[in-house]
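# prediction below, plus the sequence it came from.
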Amino acid sequence: MITLKSGHEIEAMRRAGKITAAARAVARDMVKPGVTTQQIDQAVYRFITSQGAVPSFLHYSGYPASACISVNDEVIHGIPGPRVLQEGDIVSVDVGACIDGFHGDCAGTYPCGQVSDEAMRLIRVTQQSFFEGLRYAREGYRLSDIGAAIQRYVESNGFSVVREFVGHGIGRHLHEAPEVPNYGKPGHGTRLLRGMTLAVEPMVNMGTAAIRQLSDGWTVKTLDGQYAAHYENTIFITDGDPELLTDPEGSLV
């Protein structure tokens, strides 16, 4: 069941979103050659807890870390560890924070030092595809209008949209109804209503859309070994323009 949020609940989600976006910024600024993914995860944990919040991902369905950190051909759900980032890597960081009983969720992909022109284009197209979808995140449109706009933009740039994983509703639970695919035909699915809160998150592959899951039960990689990128924000459907609850420009640091 889709839950429409009250004004009081949206205020709580704004607080969660602000902390989550700032945690993403902490991680972004640490993406440098020589840094381990575990060091980034530890910094995310310290920041979120310093704000009086709880990392949404830590122990979620058994997940062992506060951030998902996925490198190069890892699409999502990469587990932080001793891996040392190298010049030319691209690094996707997905973070969530919960405060006052409500969650925020956001992600971004960042270059580690100098990366190839095509890798940088993948990062930029993935981020822009989110904003192409955001244009339809308004009352009166349907869920599939968001996904159709994302798919159209990604594929027009020669990249592929992952099908097996999608965005989602968010609020008191990290994952709520409805699912928010990053593909589809416009004019289908649930009609968007004021009070909905959604995590919209394009996952884009440089090559084929096909993926594979590793034996750790979490890490998802591209099937062809080419790079992938991920971009996500938590949004609030209003009676006008959508509100980004995880403002990309917002920061507490």
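Thanks, I have the structure now. Everything numeric in this text was worked out from a predicted model, so none of it was measured. Numbering: from 1, shown residues only.

# what sits against G133?
I146, G147, A149, I150, N182, V200, P202 (CB atoms under 8 Å, 6 or more residues apart in numbering). Using the backbone N, CA and C atoms, a C-beta is placed for each residue, glycine as well.

# and the helix or strand containing the fourth one, what other elements does it pack with?
Secondary structure from DSSP states H and E places I150 in helix 143-156. Counting by 3 or more CB pairs under 8 Å, 6 or more residues apart in numbering; DSSP states H and E, the packing neighbours recorded for helix 143-156 are helix 117-134, strand 160-161, strand 176-180.

# to Y63, which of those lies closest?
Among the helices and strands packed on helix 143-156, the nearest to Y63 by CB to CB is strand 176-180 (17.8 Å).

# what's next to the helix holding I150, contact-wise?
Residues outside helix 143-156 that contact it (CB under 8 Å, 6+ apart): 125-126, 128-130, 132-137, 160-161, 178, 180-190, 192, 200, 202, 204.

# on that earlier part again, need the winner for burial among the helices and strands packed on helix 143-156.
Highest mean neighbour count among the helices and strands packed on helix 143-156 (mean count of other CB atoms under 10 Å): strand 160-161, with a mean of 22.

# direction included, what does the helix or strand just after that one pair up with?
Later in the chain than strand 160-161, the nearest helix or strand by DSSP H and E is strand 167-169. The strands that strand 167-169 pairs with in its sheet are strand 176-180 (antiparallel), strand 197-200 (antiparallel) (by DSSP bridges).

# closest to M13 out of those strands?
It is, among the strands paired with strand 167-169 and with distance given as CB to CB, strand 197-200, at 6.0 Å.

# starting at the chain centroid, how far to the helix or strand that the closest one is followed by?
Later in the chain than strand 197-200, the nearest helix or strand by DSSP H and E is strand 203-205. Here strand 203-205 is found 11 Å from its chain centre; the criterion is CA atoms, centre = their mean, to the nearest Å.

# can you list the strands that strand 203-205 pairs with?
Assessed with DSSP bridges, strand 203-205 is paired to strand 160-161 (antiparallel), strand 228-230 (antiparallel).

# got those as a markdown table, with distance to S116 and mean pLDDT columns?
Listed next are those as a markdown table, based on distance: least, CB to CB, whole Å; pLDDT from 0 to 100:
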| stretch | distance to S116 | mean pLDDT |
| --- | --- | --- |
| strand 160-161 | 18 | 98 |
| strand 228-230 | 13 | 98 |
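
# which one of these lies closest to L174?
strand 228-230 (16.2 Å).

# run the chain-centre distance for that closest one.
That offset, for strand 228-230, works out to 10 Å (CA atoms, centre = their mean).

# could you do stretch 124-141 as well?
On the basis of CA atoms, centre = their mean, stretch 124-141 sits 13 Å off its chain's mean C-alpha point.

# try stretch 40-54
Distance, stretch centre to chain centre, for stretch 40-54: 17 Å (CA atoms, centre = their mean).

# give me the contacts around it.
The contact list for stretch 40-54 (CB under 8 Å, 6+ apart) reads 16, 19-20, 22-23, 26-27, 30-31, 55, 58, 65-67, 69, 80, 93, 95, 97-99, 252-253.

# so S160 makes contact with P202?
No. With contact defined as CB atoms under 8 Å, S160 does not count as touching P202 (10.9 Å).

# now do the one helix or strand A12 maps to: which elements does it pack against?
Taking DSSP H and E as the criterion, A12 maps to helix 7-30. In terms of contacts (3+ CB pairs under 8 Å, 6+ apart), helix 7-30 is packed against helix 37-50, strand 67-71, strand 90-99, strand 102-111, strand 233-236.

# thank you kindly, that will do.
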